[in-house]
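Colleague: My questions concern the predicted model and sequence given below.
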Amino acid sequence: MKILGIESSCDETAAAVVEDGVAILSSVVASQVDVHHPYGGVVPELAARKHIENIVPVVRKALEKAGMAATDVDAVAVTRGPGLVGALLVAFCFGKSFAYALDIPWVGVDHLEGHIHSVFLESPSPEFPFIALLASGGHTNLYYVSSPTRMECLGRTFDDAAGEAFDKVAKMLGLGYPGGKAIADLARTGDPEKISLPRPYLDKDAFNFSFSGLKSAVHRYIQTHPDTYLDQRADIAAAFQASVVDVLTFKVIHAARDKKCRHMALVGGVAANQRLREKVRESAKAQGMTVFLPSVDLCGDNAAMIAASGYFCLRDPDRLMEGLDQDVYSRAARK
Ligand code: KG4
Ligand code: ZN
């Protein structure tokens, strides 16, 4: 079954064709970084307008790369939420219309589940049940995943998401938007031990997160070192990254041990962080566990994960076809 996945929840317009939920035939991502860069963050109205410009060429390119005509598509999967409503509506309305015109099934999928399904697009993939840590710009959630469509959220962030903290600290350091990669690049030349920052573990037994205190600690450091902080940016970036990596690593390993899972997955934009990938790999190995990491291209927003998600949803009787009157949603469902 060849599924066309379409995604426009934030600042990437993406389309992909995936066969049977696992084989990527094409994956196209049009980034809007240049549009939002001058504003230091995503401007929702501009994002929606840019998606409207991009959606047809991006879908056309995805079909072309897969060597397919529109009539070769078996079903459409499109992101329903969470995300920016104006942005989401572009792919959502396009996807429904595309499926209606071709008289093929369509399914609206959850963006967060999509990130988890990114781990099935490469082999080997984890065995059920496994623990998934989703760390992105909008969310930091830990899940117990017992089947492709059954996942229990064990914990989430109380305030900033991990990626959001990266972006905000990058802004404080004058590194621009998006900040995650900029911090990671700068941290390479810094010493993570020179500046002491807190590790927000909260209750070590809990699966929740909080990154706003850490962000404030960086802010305080900058305020109390106005003359020197610019020369210390690499050390600040390294110390901040080390704190986030330590906390994420501790929690995902703790969840896997607590739930007796040998396998775990790291997904979402922050899972592209090389230091995090290394640290979780080492820690998992020391515990006799295995961590599955999507390749960097599949960590950030893409439509291959949406197509994979659509495949699993279409096969689950509880998730079957939705009516054309279905709508998008901006916030994550609390399950
Ligand atoms: O999953 P994603 O592409 O979009 C959302 O659904 O939010 O994640 C984007 C987030 C941004 O906050 C970005 O700064 C962060 O992922 N990110 C990184 C890295 N690359 C992207 N954070 C840390 N290290 C990176 N290498
Ligand atoms: Zn995402």
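Modeller: Cool, the structure landed. Residues are numbered from 1 along each chain as shown. Ligands and ions are numbered 1, 2, ... in the order given.

Colleague: contacting residues for the residue in the stretch 201-335 of the chain that ligand 1 sits nearest to?
Modeller: Relative to ligand 1, the nearest point of the stretch 201-335 of the chain is G269 (2.1 Å; C-beta to the nearest ligand atom). All C-beta atoms are positioned from the backbone trio N, CA, C, and that covers glycine. For G269, the contact set (C-beta atoms under 8 Å, 6 or more residues apart in numbering) comprises A135, S136, G137, G163, G180, C299, G300, D301.

Colleague: Repeat that for I253.
Modeller: I253 touches M264, V280, S283, A284, Q287, M289, counting by C-beta under 8 Å, 6+ apart.

Colleague: Near ligand 1, which residues of this protein are found?
Modeller: Along the chain, the residues adjacent to ligand 1 under the rule C-beta under 6 Å from any ligand atom are 10, 136-138, 163-164, 166-167, 178-181, 184, 268-270, 272-273, 300-301.

Colleague: if you set the cut-off to 8 Å instead, what comes out?
Modeller: 9-10, 12, 83, 111, 115, 135-139, 161-164, 166-167, 170, 178-181, 183-184, 241, 244, 268-270, 272-274, 276, 296, 299-301 (C-beta under 8 Å from any ligand atom).

Colleague: What does the spatially most central residue of the chain show for phi and psi?
Modeller: Taking C-alpha atoms, centre = their mean, the centroid of the chain lies closest to G268, which sits 2.6 Å from it. With angles defined as degrees, to the nearest 10, G268 sits at phi 100, psi 170.

Colleague: So what sits opposite the closest residue to L314 other than its chain neighbours in the bridge?
Modeller: Nearest in space to L314, with sequence neighbours left out and distances taken as C-beta to C-beta, 6 or more residues apart in numbering, is V107 at 5.4 Å. V107 has these beta-bridge partners by DSSP bridges: A77.

Colleague: is it true that V107 touches C313?
Modeller: Yes - counting by C-beta atoms under 8 Å, V107 touches C313, with 4.9 Å between them.

Colleague: Mutual contacts of these two, please.
Modeller: In contact with both V107 and C313: A77, R319, using C-beta under 8 Å, 6+ apart.

Colleague: on that earlier part again, among the contacts of I253, name the buried ones.
Modeller: In the contacts of I253, burial by neighbour count holds for M264, V280, S283, A284, M289, counting by 16 or more other C-beta atoms under 10 Å.

Colleague: quick one: which of those residues sit in helices?
Modeller: Within these, residues falling in helices by DSSP state H are V280, S283, A284.

Colleague: Looking at those residues, which is nearest H36?
Modeller: Proximity of these to H36 (C-beta to C-beta) peaks at V280, which lies at 29.5 Å.
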